[in-house]
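Peer 1: How does the following fold in three dimensions:
(chains A and B)
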There are 2 protein chains.
Amino acid sequence: MARPRRNIELVRQKILEEAKATILELGWESLTMVTLAKRLNMSVGNLYKFFDSKDELFLAIFTDFHAGLNQQLQDHLHEESLDEPHLGKLIDIYFHYANSQFHLYELVMHPPILYKDFVDTPLQPMAEDMRKETLRTMDLGKRAVAGALRQKGVQVDERELVARFVYFFNSVHGLLLTMHSRIMPYILFEPDAMIPLQLAMIQKIVLSSAPFSQELAAQS
Amino acid sequence: MARPRRNIELVRQKILEEAKATILELGWESLTMVTLAKRLNMSVGNLYKFFDSKDELFLAIFTDFHAGLNQQLQDHLHEESLDEPHLGKLIDIYFHYANSQFHLYELVMHPPILYKDFVDTPLQPMAEDMRKETLRTMDLGKRAVAGALRQKGVQVDERELVARFVYFFNSVHGLLLTMHSRIMPYILFEPDAMIPLQLAMIQKIVLSSAPFSQELAAQS
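Peer 2: Purely as a prediction, here's the structure:
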């Protein structure tokens, strides 16, 4: 007898949560279908009924990570009234979302498999979902930067908007990695105390009045 | 008969260069004493006469990476006349030094072994050298930022100076990682074209007139 669809979804969700907990605890490399089944008190055969492979788990985790982030960003993105503290709040959300589940963030940023690897495989539809949620994160980020610039009356063209968005992304990425780096204790005494200031500096340049591309053109 | 000291140094240097080439080509994980000996047309036994272990190779490579960077920074650091384009040049040197040998940079930034692991081992003196060169890189970086701020007439206290230096470090680190990330093709069409603008944005905030810590204090 086939299981009701709703039950399948509930079990898949439970498996997903346990897979995420395993990655956060032990890292992606240590996640195997066997260890996962054991942690879930499930037979490996039963686990394979819900997820065909570690690749499928990867896709579900990746998509879930972005969907959760997108939900939080969406909830706080009111483009009509995006002033500076408001953008600061969005930057905070992004930073803390990644920081509080760093191993998942690392996995998503250094994916062992890429979208193109799933093309023409049975997992392509799931890969499409992953891609869609990722693009949505980027779209929300760009819209946040664009909205805050508009609110502040700063005119930038599309190239400059992309540059500022990439800049925001790089800088927060670098901050996250440095904070979790093993060499951090050699660089700073109290790294966490530095975070608000670093995020404020990033925000400042994202909202800077003068277009950087013009300045750069003037220099050369 | 003992080899003359000079010859030993020459061979060690040759081994070091080949080890670096192997890492750049294949990554740190793929470097073994056996593959290295083969690439050098040397017996493994002979190689062990020059380096006792992969750990010792790691220390030599790490120190060499920082020493090479320090040399270049030192050559261009004229603290009395550190204007903006001059700081820009130093930022460029740092970025391109790391970018042109990215696998070595990655190794140094995510070291498999730390200074503390060598304390009370026969390799401690080499680990001291590694530490000294690393601290020297940070010192040169901080002095560059401090000099440029002085030249521009911007007054900052020690905490703010550290914050700006850490910011510079994070942002360039993030840029380097994003540029070499496998997901980059999904984010940008021509990532390399973005580099000068990104470095200019980083420089701008490092030299910003208003102290960030005051701004932050005023907000809260």
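Peer 1: So A:L73 sits against A:K142, correct?
Peer 2: No. At 11.3 Å, A:L73 does not count as touching A:K142 under the criterion of Cβ atoms under 8 Å. Where you see a C-beta, it was placed from the backbone N, CA and C, and this is true even at glycine.
Peer 1: Now do the helices in chain A.
Peer 2: Using DSSP state H, the helices of chain A run over A:5-26, A:33-39, A:44-50, A:54-76, A:84-99, A:102-109, A:124-152, A:158-179, A:184-187, A:195-206, A:212-219.
Peer 1: Any chance of CSV for the ones you listed, columns mean pLDDT?
Peer 2: Output for those, formatted as CSV (pLDDT from 0 to 100):
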stretch, mean pLDDT
helix A:5-26, 93
helix A:33-39, 96
helix A:44-50, 95
helix A:54-76, 95
helix A:84-99, 92
helix A:102-109, 94
helix A:124-152, 93
helix A:158-179, 90
helix A:184-187, 74
helix A:195-206, 88
helix A:212-219, 70
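Peer 1: which one of the ones you listed lies closest to B:R164?
Peer 2: Comparing the helices of chain A by their distance to B:R164 (Cβ to Cβ), the top pick is helix A:195-206, with 7.7 Å.
Peer 1: which residues touch the closest one?
Peer 2: A:84, A:87-88, A:91-92, A:95, A:145, A:148, A:164, A:167-168, A:171-172, A:175, A:179, B:163-164, B:166-167, B:170-171, B:201, B:204-205, B:208, B:212-213, B:215-216, B:219 (Cβ atoms under 8 Å, 6 or more residues apart in numbering or on different chains).
Peer 1: One more pass at 6 Å, please.
Peer 2: A:88, A:91, A:145, A:164, A:168, A:171, A:175, B:163, B:167, B:201, B:205, B:212, B:216 (Cβ atoms under 6 Å, 6 or more residues apart in numbering or on different chains).
Peer 1: Max pairwise distance over the residues you listed: which two?
Peer 2: Going by Cβ to Cβ, the pair spanning those furthest: A:V145 and B:A163, at 22.7 Å.
Peer 1: Which residue, other than its chain neighbours, is closest to A:K89?
Peer 2: Spatially, and ignoring its direct neighbours in sequence, A:K89 is nearest to A:H76 (5.9 Å; Cβ to Cβ, 6 or more residues apart in numbering or on different chains).
Peer 1: before we move on, the earlier item: out of the helices of chain A, nearest to B:K132?
Peer 2: helix A:184-187 (12.0 Å).
Peer 1: ok, back up a step: now the helices of chain A in CSV, please, with extra columns for mean neighbour count.
Peer 2: What follows is the helices of chain A, written out as CSV (neighbours: other Cβ atoms under 10 Å in any protein chain shown):
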stretch, mean neighbour count
helix A:5-26, 15
helix A:33-39, 15
helix A:44-50, 14
helix A:54-76, 18
helix A:84-99, 18
helix A:102-109, 18
helix A:124-152, 18
helix A:158-179, 21
helix A:184-187, 14
helix A:195-206, 20
helix A:212-219, 13
